[in-house]
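Chemist: got a sequence here, can you build the structure:
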Amino acid sequence: MIYFDLASDLHTDLWRDNINSIDFSNPLSSTLVIAGDTSNYVSELLEIVKNSKKYYENVIIIDGNHEHYFSLKNPYMLESYLAREITSLNGNYLCGKSVIKINKTAFIGANGWYDFKINEENFTIQENIKNWNNFSNDSRMILWQGSSPTFIATDHFKLLSNQVNDLQNDNSVDNIVIITHTAPHKKLLPYKGDYSWDCLTSAYGNSMMENIIKIDKKHKIKVWVYGHSHSKLDKTINNIRYVNNARGYESEKHILGKWSFVQIKSDGT
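Modeler: Residues are numbered from 1 along each chain as shown. Have a look, this model is predicted:
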């Protein structure tokens, strides 16, 4: 078991002050996890990794949707670029292809994206996709280039499923921490009672991710952290602790309140 600090949705380019990890780091935490949407600019994400490595032994990070806005790369190309650049800074980038093991805890993760189905109890897929095309910046600002959120969401689900399956018989691992940007469970969606917003929650989670829990026969998954929705949450569902510690936009700080890194134990307690 280890302690780690969690952050997501730092959106450093949308705040006037510069974030410094030392201002938020917690005693006992040697690892920092950032669950996506660090910045619209990849250069700022890399600077955060570089700065955070001064204070943390391990910096584990995934991309959110915002990193893709100005990258001029399709999602898979950006994944490859981030893996290379973050590794050069001695950081750890997860996109479903790496496992980081620290003191009997395995960290795995990927963006997760969305499949437009996680809110299907309330909205049809057709409604969701239409609303996404009308209101989501993702539909206009990401170079999908023949791919789609659903295609990559399926890919990330398969990659994480395979990793969880492989870790079942790994005696060096007692605890699994999963990191995604989008919500992995329908009970985590931030409904507001507004049709356009609530319909858009289909782009805030991946409905396939709940099936990963079924693969975890030995109950090693203890913590699942995520972000994307700017609503902090710490909720236990079927003995798994789900945590969202989104900082959000500076324009939202009067709503979201005071923010800092959250310290978490990898065994979920």
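Chemist: that's a helix at V164, yeah?
Modeler: Yes - read with DSSP: H, G, I helix; E, B strand; the rest coil, V164 is one of the residues of a helix.
Chemist: check the burial of the nearest residue to it once chain neighbours are set aside by counting its neighbours.
Modeler: Leaving aside its chain neighbours, V164 sits nearest to I215 (5.0 Å; criterion: Cβ to Cβ, 6 or more residues apart in numbering). Where you see a C-beta, it was placed from the backbone N, CA and C, and this is true even at glycine. Counted with other Cβ atoms under 10 Å, the neighbours of I215 add up to 15.
Chemist: what's next to stretch 157-177, contact-wise?
Modeler: In this structure, residues lying in contact with stretch 157-177 by Cβ atoms under 8 Å, 6 or more residues apart in numbering are 1, 4, 33, 95-97, 99, 101, 104-110, 112, 178, 180, 206, 208-209, 211-212, 215-218, 220-225, 266-268.
Chemist: which among these end up buried?
Modeler: For the contacts of stretch 157-177, a burial check counting by 16 or more other Cβ atoms under 10 Å picks out 4, 33, 95-96, 99, 105-110, 112, 178, 180, 206, 208-209, 212, 216, 220-225, 266, 268.
Chemist: which of the residues you listed fall in helices?
Modeler: Among the buried ones among the contacts of stretch 157-177, the members falling in helices (DSSP state H) are I212.
Chemist: in strands, which of the buried ones among the contacts of stretch 157-177 appear?
Modeler: Counted as lying in strands by DSSP state E, out of these, are 4, 33, 105-110, 178, 180, 221-225.
Chemist: and of those residues, the nearest to I129?
Modeler: Lowest distance from I129 to those (Cβ to Cβ) belongs to T180, with 21.0 Å.
Chemist: once you drop chain neighbours, what's closest to P184?
Modeler: M209 (3.6 Å).
Chemist: let me see the contact set for that neighbour.
Modeler: G112, F157, L160, T180, P184, H185.
Chemist: quick one: the first one and A153 touch, right?
Modeler: Yes - between G112 and A153 there is a contact under Cβ atoms under 8 Å: 6.5 Å.
Chemist: and the residue nearest to G96 when sequence neighbours are not counted, what element?
Modeler: Nearest in space to G96, with sequence neighbours left out and distances taken as Cβ to Cβ, 6+ apart, is L159 at 2.9 Å. Take DSSP states H and E as the rule and L159 turns out to sit in helix 149-167.
Chemist: now the angle from that helix to strand 105-110?
Modeler: 160 degrees (axes from the mean of the first three to the mean of the last three Cα atoms, to 10 degrees).
Chemist: in the stretch 1-150 of the chain, which spans are strands?
Modeler: In the stretch 1-150 of the chain, strands defined by DSSP state E, counting those that start in this stretch lie at 3-7, 31-35, 58-62, 92-93, 100-102, 105-110, listed in chain order.
Chemist: could you check how far F261 is from N245?
Modeler: Distance, F261 to N245, using Cβ to Cβ, to the nearest Å: 7 Å.
Chemist: neighbour count for those two, which is higher?
Modeler: N245 (23 against 20).
Chemist: give the contact list for that one.
Modeler: Taking Cβ under 8 Å, 6+ apart, we find N245 in contact with L6, A7, S8, A35, V225, G227, K232, W259, F261, V262.
Chemist: separation between it and D13?
Modeler: 19 Å.
Chemist: cool, and V177?
Modeler: For V177 relative to D13 (Cβ to Cβ), the value is 27 Å.
Chemist: between those two, which one's more packed in?
Modeler: When V177 and D13 are compared on other Cβ under 10 Å, the one with more neighbours turns out to be V177, at 30 against 14.
Chemist: need the pLDDT of that one.
Modeler: V177 carries a pLDDT score of 98 in this model.
Chemist: report the beta-bridge partner residues of it.
Modeler: Beta-bridge pairing for V177 (DSSP bridges): F107, V223.
Chemist: export stretch 167-184 as CSV, just CAs?
Modeler: Taking C-alpha atoms only, stretch 167-184 is exported to CSV below (Å, rounded to 0.1, in the frame of the first residue of the first chain):
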residue,chain,number,x,y,z
LEU,A,167,-2.8,-8.7,-12.9
GLN,A,168,-5.1,-11.3,-11.3
ASN,A,169,-2.4,-13.9,-11.0
ASP,A,170,0.5,-11.4,-10.3
ASN,A,171,1.5,-12.1,-6.7
SER,A,172,3.6,-8.9,-6.7
VAL,A,173,0.3,-6.9,-6.8
ASP,A,174,-2.3,-6.6,-4.0
ASN,A,175,-3.9,-3.4,-5.1
ILE,A,176,-4.9,-2.0,-8.5
VAL,A,177,-5.5,1.7,-9.0
ILE,A,178,-7.2,2.6,-12.3
ILE,A,179,-6.9,6.1,-13.8
THR,A,180,-9.3,7.4,-16.5
HIS,A,181,-10.3,10.8,-17.5
THR,A,182,-13.9,10.0,-18.1
ALA,A,183,-16.2,8.5,-15.5
PRO,A,184,-16.3,4.7,-15.4
